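Visitor: Here is my input, please return the structure:
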Amino acid sequence: MFDNSVKAYSEACNVIPGGVDSPVRAFKSVGGTPPFIARGEGAFMYDIDDNKYLDFVQSWGPLIFGHCDKDIEEAVIQTVKKGLSFGAPTELETSLANEIVDMFDNIDKVRFVSSGTEAVMSAIRLARGVTGKDDILKFEGCYHGHSDSLLVQAGSGMATFGAPSSPGVPADLTKHTLLCEYNNIENLKKCFEDSNDIACIIIEPIAGNMGLVPASEEFLKACRELCDANGALLIFDEVMTGFRASLKGASGILQTQADIITFGKVIGAGMPVGAFASSKEIMGHLSPDGAVYQAGTLSGNPVAMSAGLVSLRKLKANPSIYEDLNAKALRLVNGLKSAANANNIPLQINTRGSMFGFFFCEEEPTNIKEVAKCDFQRFGKFHHEMLKRGFYFACSQYEAGFISTVMTDENIDDCIKAASDIMKNL
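Guide: Next up is the predicted model:
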């Protein structure tokens with residue numbers, strides 16, 4: 001069933017560390033060999049053994065219109081015919097920036113980069129440059145890319161400066177990163193008591209890297225108020241949620257507004273891209289207008305810009321898409337919940353727009369410590385059995401899932417039926 005993928009993985013391990021170019025793809029959390037994908041079409045992916053999967057990963061979020069959307073595909077092909085990249089300005093960058101700025105009251109200017117990691121790294125540098133402060137505050141369970149300052153683990157106290165969580169990260173870099181418990185206001189306040197040098201809070205307002213765990217409105221309001229009171233900036237990491245959770249991402253469904261927003265994935269419709277955006281006053285500190293330096297040879301490359309432009313324009317022209325996506329996400333998780341209840345299996349579910357998550361546990365998790373108490377072994381068995389039946393979920397309980405416009409109610413009902421059969425023996 002997976003013979004070709006097993007062989008391909010073995011060969012990859014000889015020349016690529018762990019056989020993959022991003023660690024989670026190795027399936028270590030769920031066991032087994034990762035399928036090697038040959039192609040995608042609509043709501044489905046096909047591996048090199050010709051197995052067909054209903055894809056709930058969607059390239060980890062950006063493929064709102066599924067694989068090989070004809071409009072996006074045509075725009076990319078026409079752009080590629082004119083050249084892959086130039087290292088020089090194109091009008092496509094301005095067009096996409098205008099589409100983004102037009103949707104947000106708190107954004108005047110956008111700087112494009114090539115990845116979400118780069119977007120967050122640059123946003124933090126900008127915040128430090130604007131405030132003249134060094135420390136940053138992040139939350140356990142929120143992932144903001146693999147730059148040195150953000151790869152931290154908790155210290156021994158309730159609110160401490162982080163220690164490196166990876167070899168190769170100097171302690172001198174993470175000493176300026178405070179780590180706080182997600183959705184814990186008292187913990188948040190103590191971080192500001194511990195340091196008067198905080199430049200910014202960086203947060204996933206709807207966390208998608210410990211499963212789907214939204215921040216409460218009360219918690220985000222506290223983030224906003226503490227930033228305002230202490231001369232710090234609030235950064236929303238919307239690399240995953242931007243244009244996914246709603247047309248305006250998490251910012252469109254939350255009361256709290258950020259000073260800086262980072263984007264990625266979705267604004268490139270599957271092409272490598274990222275961006276950070278803010279008011280003209282804050283962005284005025286960025287080079288070449290200001291002294292805060294940031295650059296990238298392939299930033300705003302025309303292929304990614306053209307793909308993102310078509311995708312965003314389609315979304316803006318059809319905002320009801322999000323109602324349909326949310327309805328399908330609810331149909332899926334409610335079906336999984338019913339199947340679990342029928343078999344006396346504790347399951348917690350959640351959705352935000354076209355994003356969904358589920359946990360095998362008794363109570364809905366609100367932070368990473370509570371997620372860690374979930375039944376990961378049961379999740380691994382469920383994932384493996386669903387994969388064998390042709391349903392491709394994220395290969396870790398720490399990841400969110402995604403619905404695409406090309407998924408049908410029948411597709412989702414087929415998935416629920418398979419899950420019901422599996423849960424009888426789970």
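Visitor: distance between the ends of stretch 186-205?
Guide: Stretch 186-205 has an end-to-end distance of 18 Å (criterion: CA to CA, to the nearest Å).
Visitor: Could I get the contacting residues of the residue nearest in space to the middle of the chain?
Guide: In the chain, the centroid-proximal residue (CA atoms, centre = their mean) is residue 240; its distance is 2.7 Å. Shown in contact with residue 240 (CB atoms under 8 Å, 6 or more residues apart in numbering): 60-61, 116, 204, 206, 208-209, 264-265, 355, 400. C-betas here are computed from N, CA, C, even on glycine.
Visitor: Go ahead and report the secondary structure state at it.
Guide: Classification of residue 240 using DSSP: H, G, I helix; E, B strand; the rest coil returns coil.
Visitor: mind checking pLDDT for it?
Guide: Note on residue 240: pLDDT of 95.
Visitor: thinking again about what came up before, considering the contacts of residue 240, which possesses the most neighbours?
Guide: residue 208 (30 neighbours; other CB atoms under 10 Å).
Visitor: Grab the nearest non-local neighbour of it.
Guide: residue 400 (3.9 Å; CB to CB, 6 or more residues apart in numbering).
Visitor: Identify the residues contacting that neighbour.
Guide: Contacts of residue 400 (CB under 8 Å, 6+ apart): 61, 208-209, 211-212, 240, 355-357, 394.
Visitor: so where do the helices sit in the protein?
Guide: 3-15, 70-80, 91-101, 116-131, 171-174, 185-194, 217-230, 280-283, 302-317, 321-342, 368-371, 376-388, 409-423 (DSSP state H).
Visitor: Quick check: buried residues in the first one?
Guide: Okay, so that is helix 3-15. Buried residues in helix 3-15, defined by neighbour count with 16 or more other CB atoms under 10 Å: 4-6, 8-9, 12.
Visitor: tell me which of those is nearest to residue 327?
Guide: The nearest member of the buried residues of helix 3-15 to residue 327, counting by CB to CB, is residue 5 at 33.8 Å.
Visitor: Tell me where the model's unsure across the stretch 101-250 of the chain.
Guide: 154-163 (pLDDT under 70).
Visitor: now do 90
Guide: For the stretch 101-250 of the chain, the stretches with pLDDT under 90 are 145-175.
Visitor: Domains in this protein, by residue range?
Guide: 3-68+320-423, 70-317 (automatic domain parsing).
Visitor: Identify, out of those, the most deeply packed stretch.
Guide: Burial of the domains of the chain is given as mean neighbour count (mean count of other CB atoms under 10 Å); domain 70-317 ranks first at a mean of 20.
Visitor: From the chain's centre, how far out is that domain? Work that out for me.
Guide: 11 Å (CA atoms, centre = their mean, to the nearest Å).
Visitor: first vs last residue of it, how far apart are they?
Guide: Distance across domain 70-317, first residue to last, is 17 Å (CA to CA).
Visitor: distance of the nearest residue to residue 142 once chain neighbours are set aside from residue 305?
Guide: Distances taken as CB to CB, 6+ apart put residue 204 closest to residue 142, at 4.5 Å, once the chain neighbours are dropped. In this view, residue 204 and residue 305 are 25 Å apart by CB to CB, to the nearest Å.
Visitor: Same check on residue 111?
Guide: From residue 111 to residue 305 the distance is 13 Å (CB to CB).
Visitor: What distance do you get for the residue nearest to the centre of the chain to residue 386?
Guide: Taking CB to CB, one finds residue 240 at 22 Å from residue 386.
Visitor: and if you look at residue 126?
Guide: Residue 126 is 42 Å from residue 386, by CB to CB.
Visitor: likewise residue 299?
Guide: 38 Å.
Visitor: With residue 426 instead?
Guide: In this view, residue 426 and residue 386 are 11 Å apart by CB to CB.
Visitor: Where among the helices of the chain is average confidence lowest?
Guide: helix 171-174 (a mean of 79).
Visitor: what ranges do the strands span in the stretch 151-300 of the chain?
Guide: 152-153, 160-161, 163-164, 177-180, 198-203, 206-207, 213-214, 233-237, 260-264, 274-278 (DSSP state E, counting those that start in this stretch).
Visitor: Tell me which of those approaches residue 318 most closely.
Guide: strand 260-264 (20.0 Å).
Visitor: Now do that closest one, average pLDDT.
Guide: Mean pLDDT, computed over strand 260-264, is 97.
Visitor: That one - contacts with which helices or strands?
Guide: On a contact count with 3 or more CB pairs under 8 Å, 6 or more residues apart in numbering; DSSP states H and E, strand 260-264 meets helix 116-131, strand 233-237, strand 274-278.
Visitor: CSV for those, including distance to residue 39?
Guide: Output for the helices and strands packed on strand 260-264, formatted as CSV (distance: least, CB to CB, whole Å):
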stretch, distance to residue 39
helix 116-131, 25
strand 233-237, 31
strand 274-278, 26
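Visitor: Tell me which of the ones you listed sits nearest to residue 316.
Guide: Per CB to CB, nearest to residue 316 of these: strand 274-278, 16.4 Å.
Visitor: With that, I have no additional questions.
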